[in-house]
Every structure is written in structure tokens, then in C-alpha cells.
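J.: Starting from these lines, generate the structure:
(2 chains, ligands or ions: 4)
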Amino acid sequence: MNAVPKIPSSLTDKQFHYCPGCSHGIIHRLVAEALDFHNVRENTVGVASVGCSVLAYNYFNIDMQQAAHGRAPAVATGIKRVLPGSIVFSYQGDGDLASIGTAEIVHAAARGENITVIFVNNACYGMTGGQMAPTSLIGQVTSTTPKGRTQPEAGYPIKVTEMLSTLDGPVYLSRVSVHKPAQIRKAARSIQKAFRYQIENKGFSLVEILATCPTNWKLTPLEAVKWLENNMIPKYPLGEFKDVGV
Amino acid sequence: MKNLQLLIIPERCKECGLCRDACPKQLLITEDNINSSGYHPVSLPNAEKCSLCGNCILVCPDLAIIYEEVS
Ligand SMILES: Cc1ncc(C[n+]2csc(CCOP(=O)(O)OP(=O)(O)O)c2C)c(N)n1
Ligand code: SF4
Ligand code: SF4
Ligand code: SF4
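T.: Ligands and ions are numbered 1, 2, ... in the order given. This next block holds a predicted model:
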């Protein structure tokens, strides 16, 4: 039994503003538990992005900075270089990281910047009303693809983690999901490992987490986890895409 | 030695139903009353049947279910 006796000390006791069933809450908890596990809470700086998690600084009980849309890896780079002894992570959605922030994430990874990126892929722009994101699936109905995403009109989804795995810079790249207890346990271990590599000064790590957005998918929370399992996982396979090892 | 039990924090619950679905014994039920946000929180009337598997804790996005130590 994996005992979690209380709310992790890396979280404040504020209630999340996220919609019922939204995966952001689970992912906040897993990140906080990893920081607690490594005992780095007082030495960690988080960088929030633009999206529903823009207010993450209200919930993480650590030093936080908030970056302009897509720029979190650049801001995290600056913080890490000025404070090389600190643990620095960015927390970004797919609209933020895979669209307006493509340049920043690719170059932070290519430089092998010693930061950790928590990449929340919910296949849409959550905060602004569920518009298509680069990660939206072919056929997926969003507010900007009311008849479903088509390739001639909007291209193919971007598999960020696979794409980054061609670079020499990253030391750890994985894709996990939080739709079921077993996957949440795996996600916890993966996030823990990503932070461990940073603590050991190994280099750039990123964990992509498949997440639900029940509100914009227009599904109940239970339907949303099933939609994720049936539609996202076949297109976004789970696993470790790069791991330099111990 | 300290034992664990589940603690449900009704004020944090948003009635998403994920815990109810994840409980292998279907022990969690939705209450008739509402919390201050207007959600019907879950409760665990048959706590003695709970195996403390932790599934409900893992899937809850709002930390409305946590372990509590009892001595
Ligand atoms: C420079 C700039 N362009 C556009 C926006 C509008 N905007 C706010 S959030 C967002 C997308 C958020 O989507 P995502 O990163 O997937 O996060 P989610 O809300 O789904 O968690 C956009 C485009 C903005 N705030 N700033
Ligand atoms: S809009 Fe989507 S991503 Fe944003 S809080 Fe609601 S469910 Fe979560
Ligand atoms: S700990 Fe397991 S058995 Fe107990 S209520 Fe939660 S899911 Fe059900
Ligand atoms: S998972 Fe959490 S928020 Fe959802 S119904 Fe259960 S206790 Fe409430």
C-alpha cells in the first residue's frame, strides 16, 4: 500500500478551481508528491504557463513564476542558470507548449537544459473554450473544427515526445496517462524519475501526461476518461521514449 | 502502531464520480445533501468493508479523499 497520509506539503490547502473531473488536479498532486518524495520543496521553482493551469501558483506551495504564453521553458532556463542549485520545472498545456511555444520547447530540449517539463496533453485549448490544438486528433470535434479535424484543413496531430526523442539534449522523455489507478501509479513513478534526473544534474526531462478536459470535450468525467483511453492512447502510445538510465 | 483509514473532505468534493467508478467494491455513494459549492459529496457508509486499496484517492482530482492516521 502506497500511503499518502495527507495533502502533500508541496501543495497549499487551497481548493482547485478546475472543473469537476479535470485531470489537472491529479497531475498537480503527482508533481507535489514527487517534490515531497525528493525533499526539494524549499528549493524548487515552478513556472506556470498560460491555460487553465495559469493559476497553478495558488496551489503549489513552492516559489512560482508565471510565463507568457509558450515561453515557460525559456523562463525556466533563465531561472535555472541564475540559480543552478535549484530544481526548476515548467507546467504547460498542449496549446501552450505545442503551438505558440514550439520554438521554446524544442530549443530547451536541444540545449539539454537541466529542467523538467510537465506537459499536459488534453487535446484542446481548455481555458479559451476548447479550440483545436496541434494535439487534437483527426476527426476530433472542437469549437474550431465543428465537423471534426481534417488533415487537408488543419494537418496532422504533433507527437511532441516522439519528436523530441530525436534530439541529443533530453535525458528522459516519457508519455503517461492519468485515466485509471494503475496508470496514475505509473505516472507518479515517471514524474519522480524526471525530477531525480534533474537533481542528479543529468539534463533535460519531459513527462507528457494524457489528460481529460471533460468540459470542452462535452463529456461527463467518466465518459472523458473512457474517451481518452479509447481515442488518445491508440494515437499517443504510452511509454518511455528516451531514458539515459542510472 | 498507527492504522490508516479514509478521510473524505466533503467541502472539496465536486461530484465528478471518478472515485465511485474506481472503487472495486463500489463502496462510495453520493450524498443527498450539498456542500457550499452546490455539489453532492461522496461518503463511505460501510467503511469497515474498505480495503484501503487507495484507488479512490488516486483518481480524485480534488484531494477530497485522503488517508488519515488513527492510533
Ligand atoms: C499571447 C497569447 N495568445 C493567446 C492567448 C489566449 N490563450 C489563453 S489560454 C490558451 C490556450 C490554453 O490551452 P492549453 O495550453 O492546452 O491549456 P489548457 O487550458 O487546456 O490546460 C490561449 C490560446 C494568450 N493568453 N496569450
Ligand atoms: S476547461 Fe478543461 S482543462 Fe480547463 S479546468 Fe475545465 S476541464 Fe480542466
Ligand atoms: S480505498 Fe479502495 S476499497 Fe476503500 S473506498 Fe477507496 S477504492 Fe473503495
Ligand atoms: S473523485 Fe473526488 S471530487 Fe470526484 S466524486 Fe470522488 S471525492 Fe468527489
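J.: Next up, the contacts around the residue in chain B that ligand 1 sits nearest to.
T.: In chain B, the residue that lies nearest ligand 1 is B:Pro61 (13.0 Å; C-beta to the nearest ligand atom). Every C-beta, even on glycine, is put in place using the N, C-alpha and C of the backbone. Contact partners of B:Pro61, counting by C-beta atoms under 8 Å, 6 or more residues apart in numbering or on different chains, are A:16, A:18, A:20-26, B:14, B:16, B:18.
J.: among those residues, which are in reach of ligand 4?
T.: B:14, B:16, B:18 (C-beta under 6 Å from any ligand atom).
J.: So which of those is the closest to A:Asp243?
T.: Taking C-beta to C-beta as the measure, B:Leu18 is the one of those closest to A:Asp243, at 30.0 Å.
J.: Surely that closest one is in contact with A:Ala224?
T.: No: the pair B:Leu18 / A:Ala224 is not scored as a contact, 9.4 Å apart, by C-beta atoms under 8 Å.
J.: Which residues are in contact with each of these two?
T.: With C-beta under 8 Å, 6+ apart as the test, B:Leu18 and A:Ala224 both reach A:Gly21.
J.: Between the two, tell me which one has more neighbours.
T.: B:Leu18 (29 against 25; other C-beta atoms under 10 Å in any protein chain shown).
J.: Where does pLDDT dip in the chain?
T.: Let's take chain A. Scanning chain A for pLDDT under 70 picks out A:1-5, A:246.
J.: wrong one, chain B
T.: For chain B, the ranges with pLDDT under 70 are B:1.
J.: what do you get if the cut-off is 80, keeping everything else the same?
T.: Under the criterion pLDDT under 80, the flagged ranges of chain B are B:1-2, B:71.
J.: CA atoms only for stretch A:9-20, dumped as PDB, please.
T.: Extracted C-alpha coordinates of stretch A:9-20, given in PDB (Å, rounded to 0.1, in the frame of the first residue of the first chain):
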ATOM      1  CA  SER A   9       3.400  19.600   1.700                       C
ATOM      2  CA  SER A  10       4.300  20.900  -1.800                       C
ATOM      3  CA  LEU A  11       0.600  21.800  -2.200                       C
ATOM      4  CA  THR A  12      -1.300  24.600  -0.400                       C
ATOM      5  CA  ASP A  13      -4.600  23.700   1.100                       C
ATOM      6  CA  LYS A  14      -6.500  25.900  -1.500                       C
ATOM      7  CA  GLN A  15      -9.200  24.100  -3.400                       C
ATOM      8  CA  PHE A  16      -8.500  23.900  -7.200                       C
ATOM      9  CA  HIS A  17     -10.600  26.000  -9.500                       C
ATOM     10  CA  TYR A  18     -10.600  23.200 -12.100                       C
ATOM     11  CA  CYS A  19     -13.800  21.700 -13.500                       C
ATOM     12  CA  PRO A  20     -15.100  18.500 -11.900                       C
END
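J.: do it and chain B meet?
T.: Yes: for stretch A:9-20, a contact with chain B is found by C-beta under 8 Å from any C-beta of the partner chain, at A:11, A:15-16, A:18-20.
J.: Columns neighbour count on top of these, output as TSV?
T.: Formatted as TSV, these follow (neighbours: other C-beta atoms under 10 Å in any protein chain shown):
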residue	neighbour count
A:Leu11	23
A:Gln15	17
A:Phe16	22
A:Tyr18	23
A:Cys19	19
A:Pro20	19
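J.: Can you tell me which of these end up in helices?
T.: Of those, none are assigned to helices by DSSP state H.
J.: Take those and write them to TSV, including distance to A:Val207.
T.: Below are the residues of stretch A:9-20 next to chain B laid out as TSV (distance: C-beta to C-beta, whole Å):
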residue	distance to A:Val207
A:Leu11	18
A:Gln15	25
A:Phe16	20
A:Tyr18	19
A:Cys19	23
A:Pro20	24
